[in-house]
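Colleague: next comes the sequence, and after it the predicted model I'd like to discuss.
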Amino acid sequence: MWEDLKARVLECGAYIAQSGATVRQAAKVFHLGKSTVHKDMTERLPKLDEELYLKVRLVLKTNLSERHLRGGLATRRKYAAKKQKTEQN
């Protein structure tokens, strides 16, 4: 694996493990695609750093289990903002 690729994978993995960020959040911070971050974390990271991979896997598993809750909250905020805008007009 190329050195810059290794560095990116390890840096992104450390960021996710430390901050608890989602794949989307990490992709935005590192200016990468979601698919790239996901592939880095699930396929490349285990080959580079098993201990970090286990930490990242735990964060990703938690994020996956909470995904439906975040979606519901986003919908609630969307319609609350829409209602507030309507009431102001």
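Modeller: Here it is on my side, so go on. Numbering: from 1, shown residues only.

Colleague: all helices of this protein, in order?
Modeller: 3-19, 23-30, 34-39, 45-48, 50-88 (DSSP state H).

Colleague: same list (those) but as TSV, adding mean pLDDT and mean neighbour count.
Modeller: (Each C-beta comes from the backbone N, C-alpha and C, glycine too.) Below are the helices of the chain laid out as TSV (pLDDT from 0 to 100; neighbours: other C-beta atoms under 10 Å):
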stretch	mean pLDDT	mean neighbour count
helix 3-19	95	16
helix 23-30	96	17
helix 34-39	96	16
helix 45-48	96	16
helix 50-88	86	12
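
Colleague: wait, what's in contact with V56?
Modeller: 13, 16-17, 41, 45 (C-beta atoms under 8 Å, 6 or more residues apart in numbering).

Colleague: state the distance from it to K6.
Modeller: 15 Å (C-beta to C-beta, to the nearest Å).

Colleague: also H38?
Modeller: H38 is 17 Å from K6, by C-beta to C-beta.

Colleague: over to T36?
Modeller: T36 is 14 Å from K6, by C-beta to C-beta.

Colleague: do R67 as well
Modeller: 29 Å.

Colleague: one more: T86?
Modeller: 52 Å.
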